[in-house]
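Colleague: can you look at this prediction? I've put the sequence above it.
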Amino acid sequence: MGQVTISAVVYEIYGEHTGAGSADQYLDASLVYNAIWNAASADDQKRALVTVAREFNRQAWQGEPTTPYPSVQPLAWPRSGVVDRNGNPVNSATIPQAIIDGSYELAGAILADVAVASASSAGNSVKRLKAGSAEIEFFRPQSGGRFPTSVQELVGEFLAGGGATSTLEVAEVSGMDETSAFGTPFDLSSGGL
């Protein structure tokens, strides 16, 4: 866990802003975010990292903060009682590298599009809509977490209920020929909605 200073105020962040293993180093090697990160001012880079820390602190993670949060521990990580996707316990004294890397990815995404910070879901449900002769086609919602895919792939295994996905299939309805077809409304085989 690191710190940045913006207008003489110190903020806690996941990882480091500059130096070895930092957001600067991580995003400098990113084909997606390199130019965006390097074009941003140092203060805007810090703001993106603080925004990510605030966002990560609001998530429902597995386990419990290692020490009382926020009175003793300023961030939601490190945590105890957390297991990785293979069922192995995660060290309760450190922040997993995937959480730190996820914070860097999200900081880059926020600098690329500030709306990412306030998105409610990165999923997509619409396949096709048509106004003339009212037509709706089957769609299967794409599972999307709160974060962009690159971030979700890194941190998703640590989110409470992070392994659960669902499939919801919606009926097809057509206007001109007066036919309707209904698929299976729910597939709960993957553990629920």
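Modeller: Sure thing, it's come through. Note that the structure is predicted; figures quoted are calculated from it, not measured. Residues are numbered from 1 along each chain as shown.
Colleague: in the chain, what helix or strand scores lowest on average pLDDT?
Modeller: Least confident helix or strand, the chain: strand 167-168 with a mean of 36, by mean pLDDT, DSSP states H and E.
Colleague: excluding covalently adjacent residues, which one is nearest to Thr94?
Modeller: What sits nearest to Thr94 in space, not counting adjacent residues and going by C-beta to C-beta, 6 or more residues apart in numbering, is Pro78, at 5.6 Å. (Each C-beta comes from the backbone N, C-alpha and C, glycine too.)
Colleague: likewise Ala60?
Modeller: Leaving aside its sequence neighbours, Ala60 sits nearest to Ala160 (C-beta to C-beta, 6+ apart; 4.2 Å).
Colleague: quickly note the distance from that neighbour to Val10.
Modeller: 29 Å (C-beta to C-beta, to the nearest Å).
Colleague: ok, the residue nearest to Thr94 - how many residues close by?
Modeller: By the criterion of other C-beta atoms under 10 Å, Pro78 has 21 neighbours.
Colleague: what do you get for the one 3 residues further on?
Modeller: Burial measure for Gly81: 12 neighbouring residues, criterion other C-beta under 10 Å.
Colleague: likewise Trp77?
Modeller: Counted with other C-beta under 10 Å, residues neighbouring Trp77 total 26.
Colleague: what of Leu154?
Modeller: 21.
Colleague: how about the strands of the protein, start to end?
Modeller: Along the chain, counting by DSSP state E, strands occupy 2-6, 9-13, 64-65, 79-80, 129-130, 135-136, 167-168, 172-173, 180-181, 186-187.
Colleague: worst average pLDDT in these?
Modeller: Among the strands of the chain, strand 167-168 has the lowest mean pLDDT, at a mean of 36.
Colleague: tell me the pLDDT of Trp61.
Modeller: Note on Trp61: pLDDT of 97.
Colleague: from Val90, how far off is it?
Modeller: Going from Trp61 to Val90 by C-beta to C-beta gives 10 Å.
Colleague: any figure for the gap between the residue nearest to Thr94 and Ile100?
Modeller: Noted for Pro78: a distance of 11 Å to Ile100, by C-beta to C-beta.
Colleague: can you check Gly21 too?
Modeller: Per C-beta to C-beta, Gly21 is found 8 Å from Ile100.
Colleague: also Gln73?
Modeller: Distance from Gln73 to Ile100, counting by C-beta to C-beta: 16 Å.
Colleague: those two - which one has more neighbours?
Modeller: Ile100 (24 against 16).
Colleague: quick check: the more buried one touching Ser22?
Modeller: No: counting by C-beta atoms under 8 Å, Ser22 is not a contact partner of Ile100; they are 9.5 Å apart.
Colleague: intersection of neighbour lists for the two?
Modeller: Overlap between the contact sets of Ile100 and Ser22, as judged by C-beta atoms under 8 Å, 6 or more residues apart in numbering, is given by Gly15.
Colleague: any weak-confidence spans in this structure?
Modeller: Scanning the chain for pLDDT under 70 picks out the ranges 120-145, 162-193.
Colleague: for it, just list every one of the helices.
Modeller: If DSSP state H is used as the criterion, the helices of the chain fall at 23-28, 34-39, 42-57, 97-112, 149-155.
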